[in-house]
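# structural data only, the sequence is not supplied:
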C-alpha cells in the first residue's frame, strides 16, 4: 500500500522556526522530523511513498532524495498553489494507481502499529478510516463521536468551548479506498473541513480506528517540545561517535554525542541528551535531561541548559540560564542572560548581555536585543511575516 505524506503547509504556528525551512524539516534530535517519519514507515513495511510538496518543498526533496538510503521509494508531487489537505492528495491521484492508500501528515511523530490500522480498514466497509486517539485538550484537532461498531456519527474540526463532545481526536492519519478521489474536486479542499462532513451528510460510512502507541504532530512549539522529550525518552543507551574530549566532567547516560565534542572541567551532563559534532561545552556547565544541542555550537562557562532544544551553530555565552527553550540556527546569546520556559528564538538573533526573555515569548529572525532588556512580548521583524495562526 502506498503512503502519501502531506508536506504542503507553511507552518505558521511554529514561527519563527519555519522561515528558513518547511515544517517537516525542523530538526528533531538533530535530524529532520520527516526523516524520523520515513524511517518509521519503513520499519512498519510501508516502503512506497508519495510526498506532496508546497512551501519550500525543494528542501524536503533534496534531503530525502529517492528514499533509497532509508529503504523506501519516494515520488514527489509539487503544488503550484495551495490545494488543502484533500486537494493535495487529489493532485497526486495518478501515482496511487487506483489502489487503496494511507495518508499521514509531514509533521507527524509516531510510534504506532500502522499495519493493524490498515488491516482494520480492509476488513470493514467504508470509504475512509480515520485514526483516532484520546487527547486531554483536543481543541486544535478534529474530534469524532465514535459508536461501539467503530462508525463515526459526528465529526467536528477544532471545537470551541461548549462544542467538545468527545476527546477522540483525529491523528490526521487516514486509510482511503480509491473511490475517495471521486469525492474530491479539483480545487482547494480539506479532509476535515470539507470532505468528511460532505461524506457524512450524504449518508456514506466513515469508520474510526483507535490507534495504539504514541503520536503527536509538531504543529506548535509546545507540541514540538513534547515530541523531542518523548523521542529522548526512547533512547536505548549511550552512543559516542568519534572523539570525545572530557576534562574531569561528569556524564550520566543515556546520551548520544557526535564526533569531536569537548566537555570542560567540572561540567555535568545528565541524559537523556543528544549533542551534535564539533560542539564545545565550557567549564562548570550543567546540561540537564531532555536536551538536544546541534552541531558546531558553543556553551560558555557557568551556564545551565535544561530541557532545551538548540539547533546548529548556536553560541551561548557565560553564566546563562536556559530552560525549556528552542533556539534556532546561528543565534548568539551573550553573557548573563535568562531564557525562561517556553521561549522560542529564531535564526541569526543576537541577544545582548543581561537580557531576560520571559516565558512563551518568541523572537523573530535577525532581531538584535540590546543589553539589559527585559523582553515580555514577541519581537517581530518587518522583513518576515508576523502571523502565527493557521497551519
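Ah, there it is. Keep in mind it's a predicted model, so treat the numbers as computed, not measured.

# surely residue 117 meets residue 150?
No - shown here, residue 117 and residue 150 do not form a contact pair, counting by CB atoms under 8 Å, at 11.8 Å. For glycine as for every other residue, the C-beta is placed from the backbone atoms N, C-alpha and C.

# what residues are shared contacts of these two?
residue 209 (CB atoms under 8 Å, 6 or more residues apart in numbering).

# any idea which helix or strand comes after the longest helix along the chain?
In terms of residue count, the longest helix belonging to the chain (DSSP state H) is helix 221-233. Going down the chain from helix 221-233, the next helix or strand is strand 239-240, by DSSP states H and E.

# helices or strands up against that next one?
Identification of packing neighbours for strand 239-240 by 3 or more CB pairs under 8 Å, 6 or more residues apart in numbering; DSSP states H and E yields strand 255-257.

# what's the strand it packs on in contact with?
29, 235, 238-241, 244, 269, 271-275.

# rerun that using 10 Å as the cut-off
Applying CB atoms under 10 Å, 6 or more residues apart in numbering, the external contacts of strand 255-257 come out as 29-30, 232, 235-244, 251, 261, 263, 269-277, 279, 287, 291-293.

# give me the buried subset of these.
With neighbours counted using 16 or more other CB atoms under 10 Å, these contain these buried positions: 29-30, 232, 235, 244, 251, 261, 263, 269-277, 279, 287, 291-293.

# go through those residues and flag which are in helices.
residue 232.

# filter the buried ones among the contacts of strand 255-257 down to the ones in strands?
Among the buried ones among the contacts of strand 255-257, DSSP state E puts 244, 251, 261, 263, 269-270, 273-275, 287, 291-293 in strands.

# list the contacts for the nearest residue to residue 243 once chain neighbours are set aside?
Leaving aside its chain neighbours, residue 243 sits nearest to residue 260 (5.2 Å; criterion: CB to CB, 6 or more residues apart in numbering). Listed by CB under 10 Å, 6+ apart, the contact set of residue 260 reads 241, 242, 243, 244, 245, 277, 278, 279, 280, 295, 296.

# so the last one makes contact with residue 259?
No - between residue 296 and residue 259 no contact is recorded; they are 11.5 Å apart, counting by CB atoms under 10 Å.

# shared neighbours of these two, which are they?
In contact with both residue 296 and residue 259: 276, 277, 278, 279, using CB under 10 Å, 6+ apart.

# what's around the third one, how many residues?
Other residues within reach of residue 278 by the criterion other CB atoms under 10 Å amount to 16.

# that one touches residue 296, doesn't it?
Yes - with contacts counted by CB under 10 Å, residue 278 reaches residue 296, the gap being 4.8 Å.

# and for the two, which residues touch both?
With CB under 10 Å, 6+ apart, residue 278 and residue 296 have common neighbours 258, 260, 312, 313.

# closest one of those residues to residue 65?
residue 312 (20.9 Å; CB to CB).

# residue 366: which element?
Counting by DSSP H and E, residue 366 is part of no helix or strand.

# let me fix that, I meant to ask about residue 208.
Going by DSSP H and E, residue 208 is part of strand 206-210.

# ok, back up a step: including pLDDT and distance to residue 58, could the contacts of residue 260 go into JSON lines?
Below are these laid out as JSON lines (pLDDT from 0 to 100; distance: CB to CB, whole Å):
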{"residue": "241", "pLDDT": "86", "distance to residue 58": "29"}
{"residue": "242", "pLDDT": "83", "distance to residue 58": "31"}
{"residue": "243", "pLDDT": "87", "distance to residue 58": "35"}
{"residue": "244", "pLDDT": "89", "distance to residue 58": "36"}
{"residue": "245", "pLDDT": "89", "distance to residue 58": "38"}
{"residue": "277", "pLDDT": "96", "distance to residue 58": "26"}
{"residue": "278", "pLDDT": "97", "distance to residue 58": "27"}
{"residue": "279", "pLDDT": "97", "distance to residue 58": "28"}
{"residue": "280", "pLDDT": "97", "distance to residue 58": "33"}
{"residue": "295", "pLDDT": "97", "distance to residue 58": "22"}
{"residue": "296", "pLDDT": "98", "distance to residue 58": "24"}
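
# for the closest residue to residue 92 other than its chain neighbours, which three-state class applies?
Closest residue to residue 92 apart from its sequence neighbours, by CB to CB, 6+ apart: residue 77 at 4.1 Å. Following DSSP: H, G, I helix; E, B strand; the rest coil, the label given to residue 77 is strand.

# pLDDT on stretch 359-368, on average?
With pLDDT averaged residue by residue, stretch 359-368 scores 97.

# between the two ends of that stretch, how far is it?
One end of stretch 359-368 sits 19 Å from the other (CA to CA, to the nearest Å).

# quick one: the closest residue in space to residue 112 that isn't next to it in sequence from residue 62, how far?
With sequence-adjacent residues excluded and distances taken as CB to CB, 6+ apart, residue 112 is closest to residue 213, at 4.2 Å. Using CB to CB, to the nearest Å, residue 213 is found at 30 Å from residue 62.

# and for residue 336?
40 Å.
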